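# show me the folded form of this:
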Amino acid sequence: MEQRKKIAIIVAGGSGTRMGSAVPKQFLELSGKPVLWHTVNAFKQAYNDMQIVLVLPEVHFDYVKPWLHEFSTGAGVMLVKGGETRFHSVKNGLHEVKEPAVVFVHDGVRPLISTTLIRACYEAALSTGSAIPVIDMKDSIRQVEGEANKAVDREQFKIIQTPQTFLSEWLLPAFSLPYDPLFTDEATVVERQGRRVHLIPGEEANIKITRPLDLTIASALLKEKK
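The predicted model follows:
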């Protein structure tokens, strides 16, 4: 199988309002380290030639400077200033993609991503152009329209995770499109170019930390991992 440069664009723009915390959620402590440290570490563990582009609001750079040097071996970590939306933040990160690569776009607040899933995304993107990890919905869901609501078949729906992973020749042209508020993630941007994205099985443990309860769950999952 061909080998490609690997670039992880880790987007961490959240302010932590749902956490009710003064510290943005990506910098809250999880098992003795900031959440974002665990996220960066996961990608470094998966491939030693992984280049990491960390996209943050400029006012948050000081949060990461104390520990960035820990990841300075290999391809290292680059800090990039975020934009006003996720689309603009990812676009800023993509400026660092200068040669053909497999590009992972990952939420900074998903620190429990496994090496297995990162590698599965890489291999699927190499063979199909893209890899979007998804998991099944376990709850019953209803569609609400004004006053009316109806049950819908949850089998027809999937929960989307990250890293959304693409060949750079898919992702770079897509992000040269003008911004549209309907771009909720990278897959929707790539689809606008007429490409079909490829879904792969995600992981139950690859949770997104947005509320205090998530931090408790992540802490328990990390203990199990160790």
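
# check which helix or strand covers T39.
helix 35-46 (DSSP states H and E).

# enumerate the positions of that helix that are buried.
Across helix 35-46, burial judged by 16 or more other CB atoms under 10 Å covers V35, L36, W37, H38, T39, V40, A42, F43, K44, A46. Heads up, the C-betas are built off the backbone N, CA and C, glycines and all.

# who touches stretch 164-175?
By CB atoms under 8 Å, 6 or more residues apart in numbering, the residues outside stretch 164-175 that reach it are 4, 7, 87, 90-91, 94, 97, 99-106, 121-122, 124-126, 129-133, 185-187, 189-190, 192-193, 195.

# now T216: how far from L222?
11 Å (CB to CB, to the nearest Å).

# who has more neighbours out of those two?
Neighbour comparison, T216 and L222: the larger count goes to L222, with 17 against 11 (by other CB atoms under 10 Å).

# circling back: adding pLDDT, write the buried residues of helix 35-46 out as JSON lines.
Shown next, in JSON lines, are the buried residues of helix 35-46 (pLDDT from 0 to 100):
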{"residue": "V35", "pLDDT": "96"}
{"residue": "L36", "pLDDT": "96"}
{"residue": "W37", "pLDDT": "97"}
{"residue": "H38", "pLDDT": "97"}
{"residue": "T39", "pLDDT": "97"}
{"residue": "V40", "pLDDT": "97"}
{"residue": "A42", "pLDDT": "97"}
{"residue": "F43", "pLDDT": "97"}
{"residue": "K44", "pLDDT": "95"}
{"residue": "A46", "pLDDT": "96"}
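
# among those, which one lies nearest to V59?
L36 (14.7 Å; CB to CB).

# what sits closest to the closest one if chain neighbours are left out?
Spatial nearest neighbour of L36, chain neighbours left out: Q26 (4.3 Å); criterion: CB to CB, 6 or more residues apart in numbering.

# before we move on, what about L222?
S31 is the one closest to L222 (CB to CB, 6+ apart), at 4.9 Å.

# now do R192
Nearest-residue entry for R192: L177, 6.0 Å, with adjacent residues in sequence omitted and distances by CB to CB, 6+ apart.

# ramachandran angles for the one you found?
The phi and psi torsions at L177 (degrees, to the nearest 10) take the values phi -70, psi 150.

# circling back to that earlier point, I'd like the next helix or strand past the helix holding T39.
strand 50-56.

# after that following strand, next one along is what?
Taking DSSP H and E, what comes next after strand 50-56 is helix 61-68.

# give me the mean pLDDT for that next one.
Mean pLDDT, helix 61-68: 92.

# list the contacts for I209?
I209 makes contact with K25, Q26, L28, L30, V35, V109, R110, P111, L215, A218, according to CB under 8 Å, 6+ apart.

# now do the contacts for the fifth one.
Under the criterion of CB under 8 Å, 6+ apart, the contact list for V35 reads K25, Q26, F27, L28, E29, G108, V109, P111, I209, L215, A218.

# cool, and the fourth one?
For L30, the contacting residues are H38, P111, I209, L215, A218, S219, L222, by CB under 8 Å, 6+ apart.
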